[in-house]
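Chemist: Okay, here's the prediction I keep looking at, along with the sequence it came from:
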Amino acid sequence: QKEVEQNSGPLSVPEGAIASLNCTYSDRGSQSFFWYRQYSGKSPELIMSIYSNGDKEDGRFTAQLNKASQYVSLLIRDSQPSDSATYLCAVNMNKAAGNKLTFGGGTRVLVKP
Amino acid sequence: KAGVTQTPRYLIKTRGQQVTLSCSPISGHRSVSWYQQTPGQGLQFLFEYFSETQRNKGNFPGRFSGRQFSNSRSEMNVSTLELGDSALYLCASSPWGGLVEQYFGPGTRLTVT
């Protein structure tokens, strides 16, 4: 089992619709969670961070965290063609040897006009 | 504020050689982390430096090492290069340690022949 798992996609959504991305993680002690967006040929860009259970909204993005079920999700409302990218889920795992930031394989999102 | 900068952007080395990559963080950021990104393994954490001390370390062999200077600039060294070291090496900086809220540089594309 991978430590952080994401559906690789592609997730195809029509323009204006909601894109829903999911991520599950294995380390129950994880405390902080991040979503990064990566355009092809570019470096990852932080779009959301979430530390406690529940929802966190920032513009068109909403992150949802459920530590009991060990999943974190990202909703993109009113999807735009410019949202077409790979979305990486990252989990900060607290290990005995220190922290370790583990990324999922990413979900590729395609927004069609 | 200027973003994270990395030099060089592209590098071609021969197997067995060593290489040093450089990263300048965003002004005021004290944490610098390094990552390796490949199509097969995705984005993997190498190590984090904070105030010139290595705080966290991923699961890479000792051929991968780093350091941080008093001005927060960081270097990563890879000795005895192998073909499998060909990758995009990304540096990220953060105002805080502990691998939270990081901002990535453009990366150094290393090709080992």
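Modeler: Looks like it came in fine. This structure is a prediction, so every number in the text was calculated from the model and none was measured.
Chemist: partner residues bridging A:Phe103?
Modeler: According to DSSP bridges, the residues that bridge with A:Phe103 are A:Ala90.
Chemist: swap in B:Thr38?
Modeler: Beta-bridge partners of B:Thr38, as defined by DSSP bridges: B:Gly42.
Chemist: so how far is chain A from it?
Modeler: 11 Å (CB to the nearest CB, to the nearest Å). For the C-beta atoms, the positions are set from N, CA and C on the backbone; glycine is no exception.
Chemist: from memory that residue sits against B:Ala87, does it?
Modeler: Yes. Look at B:Thr38 against B:Ala87 with CB atoms under 8 Å: they come within range, at 4.6 Å.
Chemist: Contact residues of chain B facing chain A?
Modeler: B:33, B:42-45, B:48, B:55-58, B:90, B:98-107 (CB under 8 Å from any CB of the partner chain).
Chemist: quick one: which of those residues sit in strands?
Modeler: Judged by DSSP state E, the subset of the residues of chain B next to chain A located in strands is B:33, B:42-45, B:48, B:55-57, B:90, B:103-104.
Chemist: center of chain B - which residue?
Modeler: B:Trp34 (3.2 Å; CA atoms, centre = their mean).
Chemist: That residue: what's it in contact with?
Modeler: B:23, B:45-48, B:66, B:74, B:76, B:89-92 (CB atoms under 8 Å, 6 or more residues apart in numbering or on different chains).
Chemist: ranking these by neighbours, who comes first?
Modeler: Within these, most neighbours by other CB atoms under 10 Å in any protein chain shown means B:Cys91, with 30 neighbours.
Chemist: ok, now which ones touch it?
Modeler: Shown in contact with B:Cys91 (CB under 8 Å, 6+ apart): B:4, B:6, B:21, B:23, B:25, B:32-35, B:74, B:76, B:104-105, B:107.
Chemist: could you point out which element follows the helix or strand bottoming out on mean pLDDT in chain B?
Modeler: Lowest on mean pLDDT, DSSP states H and E among the helices and strands of chain B sits strand B:53-57, with a mean of 91. Using DSSP states H and E, the helix or strand that follows strand B:53-57 in sequence is strand B:64-68.
Chemist: Which positions in that next one come out as buried?
Modeler: Using 16 or more other CB atoms under 10 Å in any protein chain shown as the burial criterion, the residues of strand B:64-68 that qualify are B:64-66, B:68.
Chemist: any residues touching the helix or strand of chain A with the lowest mean pLDDT, and which ones?
Modeler: For chain A, using mean pLDDT, DSSP H and E, the weakest element among its helices and strands is strand A:98-103, scoring a mean of 86. Applying CB under 8 Å, 6+ apart, the contact partners of strand A:98-103 are A:3-4, A:25, A:36, A:88-93, B:33, B:42-45, B:48, B:55-58, B:98-99, B:102.
Chemist: For these, which PyMOL command selects only the ones that are buried?
Modeler: To isolate the buried members of the contacts of strand A:98-103 in PyMOL, using 16+ other CB under 10 Å:
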select buried, (chain A and resi 4+25+36+88+89+90+91+92+93) or (chain B and resi 33+42+43+44+45+48+55+56+57+58+98+99+102)
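Chemist: re the thing from before, closest to B:Leu81 among the ones in strands among the residues of chain B next to chain A?
Modeler: B:Gln44 (17.0 Å; CB to CB).
Chemist: In space, what's closest to the closest one - neighbours in sequence excluded?
Modeler: B:Gln36 (5.1 Å; CB to CB, 6 or more residues apart in numbering or on different chains).
Chemist: how many other residues sit next to that neighbour?
Modeler: Counted with other CB under 10 Å, B:Gln36 comes out at 22.
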